[in-house]
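Enquirer: please find the sequence and the predicted model below.
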Amino acid sequence: MEFILWAVIFIVFFAVFKALSFEKVNKVYYEKELIKRYFEIKNINSDYRVKHLKEWEVQAKSTVENIETSTENNVIYLGSSRLTK
Amino acid sequence: MIDLELSHFIAKFYLLAYFVVFIFSFVNRDNNKSNLIIVGLALCRCIFGQSSKMLFDFYTYYLGAAFGCLLCIVLSLLAHLFFKIKHEKSTLFIYGLYFLIAISFLVIHRVRVVIYDTDEPIMWLINIQSVFTLTLYFLSICVFAYGTRIRWNLYFGRLSS
């Protein structure tokens, strides 16, 4: 009984780290964070946003929703652009 | 173990504290789904843990307590994965605190049941463990209430460059 609980501690510890590494690469979490970060940058200068980014914003949202993302060697490919981690 | 009246008072105090934190977490602007999940589970554990104290006997008491802590972590992990919610840093901090609490319960069990038959020889160790556990529970309440306001390093800080 006690051995089972010690084993459960190790298993859950391992499972937490697996879940975190899964979150790091999975599309669903990453795209949500991208959109959040986009809005953070957007809120820094609203004049810039109004002048230059209104049309781009609509296009960027649909792009982020529809593109294929992949990660290789710490470089994330979003469509044709790259982001280095 | 500590005096029964004192333990009942501490249990009521922590139950009330968890409930207040749960209510105020809806008022906190910086609150997130991750925090809500773990606060809700801590509240459930606080409520149902009281009945589990009466169900277990001498040999399984601390095992049950450790199991309650681990169940909290496991259910939170499953809820995060099922609803596709990202773990916040404050939630991971709570996981660490609950791991430490579970380990301390298992250490007491190992000494208490395997080496001795009663509590008297190791009363000092049990009291130290109680202080340790209650301190960590208090820290967890503080993290529930204020952990979401801490500005951890931006995960995506380099995207702006």
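Expert: Good, I have the coordinates.

Enquirer: low-confidence ranges in chain B?
Expert: B:1-2, B:151-161 (pLDDT under 70).

Enquirer: now the strands for chain A?
Expert: For chain A, the strands defined by DSSP state E occupy A:69-72, A:75-78, A:81-84.

Enquirer: what's the closest of those to chain B?
Expert: Chain B lies closest, by CB to the nearest CB, to one member of those: strand A:81-84, at 6.6 Å. Using the backbone N, CA and C atoms, a C-beta is placed for each residue, glycine as well.

Enquirer: got the residues of chain A near chain B?
Expert: In this structure, chain A approaches chain B at residues A:1-2, A:5-6, A:8-9, A:12-13, A:15-16, A:19-20, A:23, A:28-29, A:32-34, A:37, A:41, A:83-85, judged by CB under 8 Å from any CB of the partner chain.

Enquirer: hmm, 7 Å instead?
Expert: Near chain B, the residues belonging to chain A are A:1-2, A:5-6, A:8-9, A:12-13, A:15-16, A:19-20, A:23, A:28-29, A:33, A:37, A:41, A:83 when assessed by CB under 7 Å from any CB of the partner chain.

Enquirer: which of those residues are buried?
Expert: By neighbour count, with 16 or more other CB atoms under 10 Å in any protein chain shown, these hold A:2, A:5, A:8, A:9, A:12, A:15, A:16, A:23, A:29, A:37, A:83 as buried.

Enquirer: turn those residues into TSV, including pLDDT and distance to residue B:143.
Expert: Output for those, formatted as TSV (pLDDT from 0 to 100; distance: CB to CB, whole Å):
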residue	pLDDT	distance to residue B:143
A:2	84	29
A:5	90	24
A:8	92	23
A:9	92	21
A:12	94	19
A:15	94	21
A:16	94	16
A:23	86	20
A:29	79	22
A:37	77	24
A:83	78	31
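
Enquirer: rewinding a little: pick the most buried one from the strands of chain A.
Expert: Of the strands of chain A, the one with the most neighbours on average (mean count of other CB atoms under 10 Å in any protein chain shown) is strand A:75-78, at a mean of 14.

Enquirer: contacts for it, please.
Expert: Strand A:75-78 is touched from outside by A:67, A:69, A:70, A:82, A:83, A:84, A:85, with contacts defined as CB atoms under 7 Å, 6 or more residues apart in numbering or on different chains.

Enquirer: and that strand, which strands flank it?
Expert: If you go by DSSP bridges, strand A:75-78 pairs up with strand A:69-72 (antiparallel), strand A:81-84 (antiparallel).

Enquirer: may I see the ones you listed arranged in TSV, with distance to residue B:9 as well?
Expert: Formatted as TSV, these follow (distance: least, CB to CB, whole Å):
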stretch	distance to residue B:9
strand A:69-72	53
strand A:81-84	54
